[in-house]
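Trainee: What follows is a predicted protein model with its sequence.
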Amino acid sequence: MDAIKPKPPSARVAMAMAKSQAYQDAADAPSTLRAYASDVKNFEAWCERNSLTAFPASAEVVGAYLAAAGEGYAMQTLRRRVAAIARASGVAGHPLDTKHPAIRETLRGIGRTHGSRGRRSAALTTTEMKALSRVCDESLTGDRDRALLLVCFAGALRRSELVSLDAEKLTWFEDGVKLLLGKSKTDKEGKGTEVTIVWGRVEATCPVRALRLWLDKAQIKSGPVFRKVNKSGRVDVRRLSEDAVRQILLRRAAEAGIKGTLVEPVSPHGLRAGFVTTAYRNGVSDEEIMGHTRHRSLATMRSYVRRSKLKAAEPTGKLGL
């Protein structure tokens, strides 16, 4: 007898399956998916050069790939590449055992032999924010960049949170403005989190004033808060990308003479690290900082503190020498 062929799914089931896939695709941030795609391509290229089969991926081949990378990459990058390969394997229906000794022990060995803290963003504290604000002129682009940088710093915002801000989600009140953030790294369910930014003491670096000025001059009453401004001074309707934030910061930092190092480069994450470092230096409690930055782990929050910026707060600075 001929085998009975399974019936194709009904239109309703097919639609549900498509929606399920869409939700799976939305489980990770776009930036994470881009990084994963790049990592998988790197793995496939290495396998091709060495006449190995990339997928289905085996623990032994992945271990060899990690060993070949070894000292050339930070541990954080290597772990992300394992996650990317595992994700691609799972999607293809061939789960990868990331706890296999060929993978786990290779990573541990690399960590013990070549391990380092890796690169961390340079903390951009109040001193740097004043310099960044000064190089932003009174043009529409200058007003946008000043507001963007000051709001990102004062709100301890991630790039994704900054570019997703909408004018309708801003609540103005006597002491400042409240930002309603959508889905973020620590709010993957999209429940939303409110962050309050109050008026600054100095007009030139007040984030609330800078934001209000930008919105008024750009005539933005709804939709994306931060947008592209073309050469003719026209404000686009589309929101800035996360990479645009990086480019704006790097350009303004170069104009202000702010330079990072190989270990601590200038990047948007440095605005968030700078907020934590500045608050820590000024005696703000851990609970208050975590409430503002939305950190769930005290250890993670404290890892943002750049000790080199604490100066007298270091133990040796309190000896009275």
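Mentor: Looks like it came in fine. Computed from a predicted structure; not experimentally measured. Numbers count the residues shown, from 1 in each chain.

Trainee: so how far is stretch 196-204 off the chain centroid?
Mentor: Distance of stretch 196-204 from its chain centroid, counting by C-alpha atoms, centre = their mean, to the nearest Å, is 25 Å.

Trainee: Now it: buried residues?
Mentor: Residues of stretch 196-204 classed as buried: 197, 200 (neighbour count, 16 or more other C-beta atoms under 10 Å). All C-beta atoms are positioned from the backbone trio N, CA, C, and that covers glycine.

Trainee: Kindly report the same for stretch 97-113.
Mentor: Quick answer for stretch 97-113 (16+ other C-beta under 10 Å): 98, 102, 103, 106, 107, 110.

Trainee: Surely the fifth one touches residue 81?
Mentor: No - with contact defined as C-beta atoms under 8 Å, residue 107 does not count as touching residue 81 (10.2 Å).

Trainee: quick revisit: between the buried residues of stretch 97-113, which sits nearest residue 90?
Mentor: Distance to residue 90, by C-beta to C-beta, is smallest for residue 98 among the buried residues of stretch 97-113, at 10.4 Å.

Trainee: Just after the top helix by length along the chain, pick out the following helix or strand.
Mentor: Ranked by number of residues, the top helix in the chain under DSSP state H is helix 30-49. Downstream of helix 30-49, the first helix or strand assigned by DSSP states H and E is helix 59-69.

Trainee: Give me the mean pLDDT for that next one.
Mentor: Helix 59-69 carries an average pLDDT of 92.

Trainee: can you check stretch 146-166 too?
Mentor: Rounded mean pLDDT across stretch 146-166 is 94.

Trainee: Pull the most distant pair out of the buried residues of stretch 97-113.
Mentor: That would be 98 and 110, which, of the buried residues of stretch 97-113, are the farthest apart (C-beta to C-beta) at 14.7 Å.

Trainee: Can you list the low-confidence ranges for the stretch 201-321 of the chain?
Mentor: 307-321 (pLDDT under 70).

Trainee: Verify the assumption that residue 178 is located in a strand.
Mentor: Yes - looking at residue 178 with DSSP: H, G, I helix; E, B strand; the rest coil, it is inside a strand.

Trainee: Now for the residue lying closest to it once chain neighbours are set aside: which residues touch it?
Mentor: With C-beta to C-beta, 6 or more residues apart in numbering as the criterion, residue 178 has its nearest non-adjacent residue at 4.2 Å, and that residue is residue 171. By C-beta atoms under 8 Å, 6 or more residues apart in numbering, the contact set of residue 171 is 177, 178, 180.
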